[in-house]
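Novice: sequence isn't available, so here's the structure alone:
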């Protein structure tokens, strides 16, 4: 059983190795050929010098032919120059290829994050996978991005071993009847090979153990690194600058950053240094011992006249290259084998499955926007939770009606919207669009039915027009019309480039906007999409009471004949709606108009309304919000 498991792991390693190579070849076709050819040239270069230097020395101590000497010297210069120039060309191709691989490798992960089901994005383990990949590439210097480099190192060492054996092999065939039996004995060669094998085995075992230790050590480092990165980002986030200065938080943040840095160095850095020093120290001692034995071995052959003086240079150089090359060959092979663990992490992340059922039915295109959505006995728990966020919800949303969703924090309001827009699927019950389960519809087409402004909405450092249209190419007149409806059109017109003005200071021409302005632009974005369902989750949270009143006064004009859903803690918004849905502890406990619900003095809505009303009664200017 154990053997079968090991064979399975072995096959999986080869699978991910070839998949990694295929990925690199597909994304950057020039990289691996440049790596292989560059490694061959790099390995070949020293042997040109070793071989031709040996021949030059023999010529100086032998025939002393000036013409032959000139040819040898010229050949050494020309060959080294050709190899050098070709190697530099390969290095340039490799540098550009590695840069492109870094881009494409990270783009694949970012693209997955942008496209995967939202349910995955909210899972901590999803982000932990990516974090371990990132930390593997930075701390352990492993992963898909490292594969070309260590593959090149393997090819270089393999070529070094082949070339060195070719040059050194004649040494082991030299014998003399006049020399002592010890010098002719094969035991010298056996001892030399034994030392080389001992060194190589030690390198393999030590490097393998060290790589495994690093791989598992990263698990314990992730919590520290997350905190370290958090405080590092605090230092760089200019939007936090006001609070940091007003409350003099520089020392507080700096100390936390330094504390986590120290913890990281203590938990990771010192241990790494100790293990590396131990490994390198023993390796250096073994390498020195082998080098000394090589000189002794070749020297004794030269003393009895078995090889020429030039050949001493050739054989010493070749055996030294072989000693280093063979040890490094095993080490680089081990490096590749260990790197596959990180390559596997990378592809496991990219292979993250989407939990949603992928429907295929097209959503009927209706000019009359006659869409009806029904929640039928819907219940939902968030992954890993035992508590229902929404329980046994039954509700119909008819076209053209306006709904307000109210309730205390955690009552299920936002969960209701997440299920409606299919960011999550319910575990119990079903949601129907025109009588058909929404899971059967094409997901992208279904999403086109909704324009949503979430409470934690985001605008991006694109132009104002692109933020409204969510596209590079857009209708400028329509975009400005939506901005006017949202109450921020005049502000955009006053900007230096109008709709083409970049938002935020990432761009040199960028303009900083207030939270209220950003919220209005987000509302304009929802209007530009012109979807049959408009959903606003706390749409006026960043607005002052006057601006809030203006938005709600224009509510019917903005929503027009669309089905509109508003989530709000400010119950003044509810008076503009046909239906008020009151949630509590994941259940829909009341459903009716404001006038109907306010009559139920024992109901939750009546309590919430009066709790807010007392604050407005003290200020007549605000009381008009309550009517």
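Specialist: That came through fine. Bear in mind that the values here come from a model prediction, so they are computed numbers and not experimental data.
Novice: need the contact list for residue 82.
Specialist: For residue 82, no residue meets the contact criterion (CB atoms under 8 Å, 6 or more residues apart in numbering). Using the backbone N, CA and C atoms, a C-beta is placed for each residue, glycine as well.
Novice: for residue 44, see how far away it is.
Specialist: As judged by CB to CB, to the nearest Å, residue 82 and residue 44 stand 10 Å apart.
Novice: could you do residue 583 as well?
Specialist: Noted for residue 583: a distance of 74 Å to residue 44, by CB to CB.
Novice: of those two, which one has the most company?
Specialist: Taking neighbours as other CB atoms under 10 Å, residue 583 and residue 44 compare with residue 583 leading, 24 against 17.
Novice: partner residues bridging that one?
Specialist: Bridge pairing for residue 583 (DSSP bridges) gives the partners residue 588.
Novice: how close does it get to residue 421?
Specialist: Distance from residue 583 to residue 421, by CB to CB: 17 Å.
Novice: repeat that for residue 164.
Specialist: 66 Å.
Novice: next: residue 405.
Specialist: Separation of residue 405 from residue 421 (CB to CB) stands at 13 Å.
Novice: quick one, which of those two is more surrounded?
Specialist: residue 405 (25 against 18).
Novice: wait, what's in contact with the residue lying closest to residue 401 once chain neighbours are set aside?
Specialist: With sequence-adjacent residues excluded and distances taken as CB to CB, 6 or more residues apart in numbering, residue 401 is closest to residue 578, at 4.8 Å. Listed by CB under 8 Å, 6+ apart, the contact partners of residue 578 are 401, 402, 403, 593.
Novice: out of these, who's nearest residue 494?
Specialist: Set against residue 494, the nearest of the contacts of residue 578 by CB to CB is residue 402 (32.4 Å).
Novice: for this structure, what spans make up the strands?
Specialist: Using DSSP state E, the strands found in the chain span residues 373-381, 388-397, 402-406, 428-433, 436-437, 450-453, 533-537, 563-567, 579-584, 587-592.
Novice: residue 68 is nearest to which of the ones you listed?
Specialist: In terms of CB to CB, the element of the strands of the chain nearest to residue 68 is strand 450-453, at 84.3 Å.
Novice: tell me the mean pLDDT over the closest one?
Specialist: For strand 450-453, mean pLDDT is 87.
Novice: give me the contact list for that strand.
Specialist: Under CB under 8 Å, 6+ apart, the answer for strand 450-453 is 417, 420-421, 519, 522-523, 525-527, 529-531, 533-537, 539.
Novice: need the contact list for the most centrally placed residue in the chain.
Specialist: Centroid-nearest residue in the chain, with CA atoms, centre = their mean: residue 109, separated by 4.7 Å. By CB under 8 Å, 6+ apart, residue 109 lies in contact with 130, 133, 346, 349, 350.
Novice: quick one: low-confidence residue ranges for the stretch 401-550 of the chain.
Specialist: Filtered on pLDDT under 70, the stretch 401-550 of the chain yields the residue ranges 507, 539-550.
Novice: picking up where we left off before, quick check, pLDDT for the residue nearest to the centre of the chain.
Specialist: Residue 109 is assigned 90 on the pLDDT scale.
Novice: again, but for residue 187
Specialist: 68.
Novice: and residue 339, by the same measure?
Specialist: For residue 339, pLDDT reads 87.
Novice: any idea which of the strands of the chain is most buried?
Specialist: Per-stretch averages of neighbours, counted by mean count of other CB atoms under 10 Å, single out strand 563-567 among the strands of the chain, with a mean of 25.
Novice: distance between that strand and the chain's centre?
Specialist: Relative to the centre of its chain, strand 563-567 is centred 35 Å away, using CA atoms, centre = their mean, to the nearest Å.
Novice: for that strand, packing partners?
Specialist: strand 402-406, helix 413-420, strand 533-537 (3 or more CB pairs under 8 Å, 6 or more residues apart in numbering; DSSP states H and E).
Novice: can you tell me the average pLDDT over it?
Specialist: pLDDT averaged over strand 563-567 gives 86.
Novice: how about stretch 75-87?
Specialist: Per-residue scores along stretch 75-87 average to 92.
Novice: mind listing what's buried along it?
Specialist: By neighbour count with 16 or more other CB atoms under 10 Å, stretch 75-87 contains the buried residues 76, 79, 83, 86, 87.
Novice: with respect to residue 62, which of those is nearest?
Specialist: Set against residue 62, the nearest of these by CB to CB is residue 76 (17.4 Å).
Novice: now the helices: where do they sit in the stretch 401-550 of the chain?
Specialist: With DSSP state H, counting those that start in this stretch as the criterion, the stretch 401-550 of the chain has helices at 413-420, 443-447, 464-469, 476-486, 489-493, 515-529, 545-553.
Novice: now do the fourth one against helix 515-529, angle only.
Specialist: When you say that, I think you mean helix 476-486. If you take axes from the mean of the first three to the mean of the last three CA atoms, to 10 degrees, helix 476-486 sits at 130 degrees to helix 515-529.
Novice: contacts only, for residue 580.
Specialist: Residue 580 makes contact with 403, 404, 406, 574, 590, 591, 592, 593, 594, 597, 605, according to CB under 8 Å, 6+ apart.
Novice: about what we covered before: for the helices and strands packed on strand 563-567, give me JSON lines that also has distance to residue 12.
Specialist: Output for the helices and strands packed on strand 563-567, formatted as JSON lines (distance: least, CB to CB, whole Å):
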{"stretch": "strand 402-406", "distance to residue 12": "49"}
{"stretch": "helix 413-420", "distance to residue 12": "36"}
{"stretch": "strand 533-537", "distance to residue 12": "44"}
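Novice: can you count the residues close to residue 461?
Specialist: 13.
Novice: for it, phi and psi?
Specialist: Taking degrees, to the nearest 10, you get phi -80, psi 50 for the backbone angles of residue 461.
Novice: just to revisit the earlier point, using CSV, lay out the strands of the chain together with distance to residue 126.
Specialist: Converted to CSV, the strands of the chain look like this (distance: least, CB to CB, whole Å):
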stretch, distance to residue 126
strand 373-381, 18
strand 388-397, 19
strand 402-406, 28
strand 428-433, 24
strand 436-437, 26
strand 450-453, 22
strand 533-537, 23
strand 563-567, 26
strand 579-584, 28
strand 587-592, 30
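Novice: nearest spatial neighbour of residue 423, skipping sequence neighbours?
Specialist: Closest residue in space to residue 423, ignoring its immediate chain neighbours: residue 118 at 4.1 Å, by CB to CB, 6+ apart.
Novice: please name the residues that touch the one you found.
Specialist: Contacts of residue 118 were listed using CB under 8 Å, 6+ apart, and they are 418, 423, 424.
Novice: which of those residues has the largest number of neighbours?
Specialist: Highest count within these by other CB under 10 Å belongs to residue 424, 22 neighbours.
Novice: contacts for stretch 380-400 next, please.
Specialist: With CB under 8 Å, 6+ apart as the criterion, stretch 380-400 contacts 119, 122-123, 369-379, 403, 412, 415-416, 419-420, 424, 426-429, 532-533, 561-563, 565, 581, 585-588, 591.
Novice: so which of the contacts of residue 109 belong to helices?
Specialist: Applying DSSP state H to the contacts of residue 109, the entries found in helices are 130, 133, 346, 349, 350.
Novice: among those, which one sits closest to residue 511?
Specialist: Distance to residue 511 across the ones in helices among the contacts of residue 109 (CB to CB) is lowest for residue 130, with 32.6 Å.
Novice: that concludes my questions; thank you for your assistance.
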